[in-house]
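S.K.: Take this sequence and fold it.
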Amino acid sequence: MRLWGSRYTYSLVLVMVFFVCLAGSARGQSKDVEIRITARQFEFSPRLVRVHKGDHVKLLLRSEDVPHGFKIDELKIDKHIGAEGTATVEFTPEREGRYKFYCSVFCGDDHDKMIGELIVTGAETTTSNMQVSFDQTEPSVVIVESAGERIRIDTRNKSVTTLARAEGGPNEASTSTEDGAPSQESRQKSHPAEPYDYRLVNLPTPKRVPRHSLNVYFTHRFGEEVTATESESGGEHRARIANDLLGLDSNSVSSFGVFYGITDRLYASAYRSPLCQPGICKTIELGLGYHLLDEAGKSPIALSVQASIDGENNFTERYTENIQAMVARSVTKYVHLFFSPAVHINSNGQGRFNPRSTDFFPPQPLADAVRLGQHTGSFGFGIDGRIRPSVSLIFEFTPTIGFKQGTTVAVFDPTFTNIIGFKNQSEPEIGFGIEKRIGRHSFTLTLSNTQGTTTNRFNASTLGLSPGHLVIGFNLFRRLM
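M.R.: Take a look at the predicted model:
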């Protein structure tokens with residue numbers, strides 16, 4: 001009986017070893033491979049994918065935010081992934097090599113950085129490297145190791161148990177991905193991309209300035225209103241805008257600025273406006289800004305603050321200090337609201353906008369008694385609505401308190417023969433726009449009632465136009481590095 005039991009034990013061991021070796025040999029053949037890839041602004045995770053030649057590869061694609069694309073030119077793969085949607089790509093690579101994949105649907109400022117690589121290596125081969133050992137404490141137990149598997153065979157109880165995978169087994173890296181999904185800590189440190197520009201029309205937004213990025217901003221405002229004046233008939237209005245080509249033949253103001261990301265939160269800016277009017281001329285504004293919050297995680301808003309100082313006549317006189325906050329909140333993934341309160345200290349410094357008797361003919365001594373205030377508070381409101389992945393409609397409105405830049409007009413007695421006083425007529429800034437973004441470049445066609453674009457001057461109509469009377473203009477933005 002003992003001899004028969006021993007023979008039975010060895011026979012059982014040989015049968016199990018045979019099946020283990022057969023399983024190991026099967027793993028050397030081509031197989032189905034399934035890999036999950038996540039797309040988000042502006043990266044794929046993982047960015048590096050390794051597969052074997054001849055394997056049937058199934059890529060499960062998922063977007064975490066806006067629409068994306070997944071394209072490999074050499075393999076003729078081009079798949080669209082809807083916003084927060086999924087897509088599947090299946091293929092069998094027949095050639096070894098390195099293949100670049102990239103996002104084929106424009107998704108924001110850093111769209112061109114959204115790339116990755118597929119590496120196809122030779123067909124996977126494995127050897128069994130079978131090892132058989134006996135448990136010294138239990139003579140009836142045999143442990144078989146092959147193809148990275150460890151199996152425990154108990155001949156007494158007639159049981160088979162799969163143990164933990166052997167270290168360094170060949171199956172461990174048959175298909176691998178590198179630079180996989182970021183850890184929770186790294187995701188918390190990542191910065192979501194804001195789907196709006198650094199300005200609406202004139203109103204600044206809390207869009208983050210990336211570290212070491214150099215950005216340029218150009219604004220252009222014409223001076224002739226495209227809407228009908230109060231005294232124009234419909235025919236006169238059409239004739240005027242046709243003759244002056246929507247006001248493009250009128251005098252215009254072209255302003256230029258740069259800003260640089262010192263860190264991922266701190267940035268510096270410089271801006272110059274050549275606008276010249278009484279009290280304003282050739283303004284240079286220098287500022288520092290700091291990004292406090294992203295609209296992510298526990299923060300319901302994006303928040304930045306900026307402090308700046310501007311000076312007239314190329315920063316040589318009549319300085320104004322500005323402190324401004326910029327707040328944004330997403331209503332949906334397509335609509336974003338903005339609020340930007342600001343304080344402008346010495347916006348009427350030295351009373352430079354106060355009327356004087358010599359401003360009138362004949363001189364009016366009553367004008368010398370008019371005081372318009374010295375400081376300004378402004379409250380900018382705005383909305384950005386995305387109608388296509390790279391196109392948005394924009395609106396903003398900025399009322400003010402304190403000193404309000406405008407036009408001083410005389411107040412007459414009932415007979416209209418004597419001037420009895422003066423009053424200041426000021427109109428709040430209003431703006432509309434349509435913005436188009438292409439990579440690191442954006443263009444916004446604007447309609448507004450002011451030519452002022454500095455922090456201190458955009459909040460009131462420098463043209464004395466009410467919100468219903470608008471001039472055409474545009475903004476250009478470009479990230480150079």
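S.K.: where do the strands sit along the stretch 201-350 of the chain?
M.R.: Ranges of strands in the stretch 201-350 of the chain, per DSSP state E, counting those that start in this stretch, are 214-225, 252-261, 266-277, 280-293, 302-311, 317-330, 335-345.
S.K.: With mean pLDDT as added columns, please give these in JSON lines.
M.R.: Below are the strands of the stretch 201-350 of the chain laid out as JSON lines (pLDDT from 0 to 100):
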{"stretch": "strand 214-225", "mean pLDDT": "93"}
{"stretch": "strand 252-261", "mean pLDDT": "94"}
{"stretch": "strand 266-277", "mean pLDDT": "95"}
{"stretch": "strand 280-293", "mean pLDDT": "95"}
{"stretch": "strand 302-311", "mean pLDDT": "96"}
{"stretch": "strand 317-330", "mean pLDDT": "95"}
{"stretch": "strand 335-345", "mean pLDDT": "96"}
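S.K.: nearest to residue 422, of the ones you listed?
M.R.: Proximity to residue 422 (CB to CB) singles out strand 266-277 among these, at 18.3 Å. All C-beta spots, glycine's among them, are computed from the backbone N, C-alpha and C.
S.K.: Report the buried residues of stretch 83-92.
M.R.: By neighbour count on 16 or more other CB atoms under 10 Å, the buried set for stretch 83-92 is 87, 89, 91.
S.K.: could the strands of the stretch 201-350 of the chain go into TSV alongside distance to residue 32 and mean neighbour count?
M.R.: TSV is the format used below for the strands of the stretch 201-350 of the chain (distance: least, CB to CB, whole Å; neighbours: other CB atoms under 10 Å):
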stretch	distance to residue 32	mean neighbour count
strand 214-225	47	19
strand 252-261	46	18
strand 266-277	49	18
strand 280-293	45	18
strand 302-311	44	20
strand 317-330	40	18
strand 335-345	43	19
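S.K.: Residue 37 reaches residue 63, doesn't it?
M.R.: No - using CB atoms under 8 Å, residue 37 is not in contact with residue 63, being 10.2 Å away.
S.K.: returning to what we had before: nearest to residue 421 among the buried residues of stretch 83-92?
M.R.: Comparing the buried residues of stretch 83-92 against residue 421 with CB to CB places residue 87 closest, at 70.7 Å.
S.K.: Tell me if I'm right that residue 70 and residue 88 touch.
M.R.: No - at 10.3 Å, residue 70 does not count as touching residue 88 under the criterion of CB under 8 Å.
S.K.: joint contacts of these two?
M.R.: Jointly contacting residue 70 and residue 88 under the rule CB atoms under 8 Å, 6 or more residues apart in numbering are 59, 61.
S.K.: In the stretch 1-150 of the chain, mark out all the helices, start to finish.
M.R.: Counting by DSSP state H, counting those that start in this stretch, one finds helices in the stretch 1-150 of the chain at the ranges 2-26.
S.K.: Leaving out chain neighbours, which residue sits closest to residue 120?
M.R.: Among residues not flanking residue 120 along the chain, residue 93 sits closest, at 4.4 Å (CB to CB, 6 or more residues apart in numbering).
S.K.: ok, now how distant is that neighbour from residue 80?
M.R.: Per CB to CB, to the nearest Å, residue 93 is found 22 Å from residue 80.
S.K.: Also residue 422?
M.R.: Residue 422 is 64 Å from residue 80, by CB to CB.
S.K.: These two: which is more packed in?
M.R.: Set residue 422 next to residue 80 and count neighbours by other CB atoms under 10 Å: residue 422 wins out with 20 against 15.
S.K.: shaky segments in this protein?
M.R.: Scanning the chain for pLDDT under 70 picks out 1-30, 109, 123-130, 134-137, 139, 146-149, 157-160, 162-194.
S.K.: how's it carved up into domains?
M.R.: 32-124+174-187, 191-479 (automatic domain parsing).
S.K.: so how far is the longest one off the chain centroid?
M.R.: Its chain's C-alpha centre and that of domain 191-479 lie 23 Å apart, by CA atoms, centre = their mean, to the nearest Å.
S.K.: so residue 93 makes contact with residue 59?
M.R.: No - judged on CB under 8 Å, residue 93 makes no contact with residue 59 at a distance of 11.6 Å.
S.K.: Enumerate every residue touching the residue nearest to residue 120.
M.R.: Applying CB under 8 Å, 6+ apart, the residues near residue 93 are 51, 53, 54, 55, 57, 75, 118, 120.
S.K.: Go through those and flag which are in strands.
M.R.: Among the contacts of residue 93, the ones falling in strands (DSSP state E) are 51, 57, 118, 120.
S.K.: what about residue 442, is that helix, strand or coil?
M.R.: Secondary structure, DSSP: H, G, I helix; E, B strand; the rest coil: residue 442 is strand.
S.K.: what helix or strand does the spatially closest residue to it that is not a sequence neighbour sit in?
M.R.: Nearest residue to residue 442, sequence neighbours excluded (CB to CB, 6+ apart): residue 477, at 4.6 Å. Element membership for residue 477, per DSSP states H and E: strand 471-479.
S.K.: Measure how that strand sits relative to strand 252-261, angle-wise.
M.R.: Here strand 471-479 runs at an angle of 30 degrees relative to strand 252-261 (axes from the mean of the first three to the mean of the last three CA atoms, to 10 degrees).
S.K.: What helices and strands are in contact with strand 471-479?
M.R.: Packing partners of strand 471-479 (3 or more CB pairs under 8 Å, 6 or more residues apart in numbering; DSSP states H and E): strand 214-225, strand 441-448.
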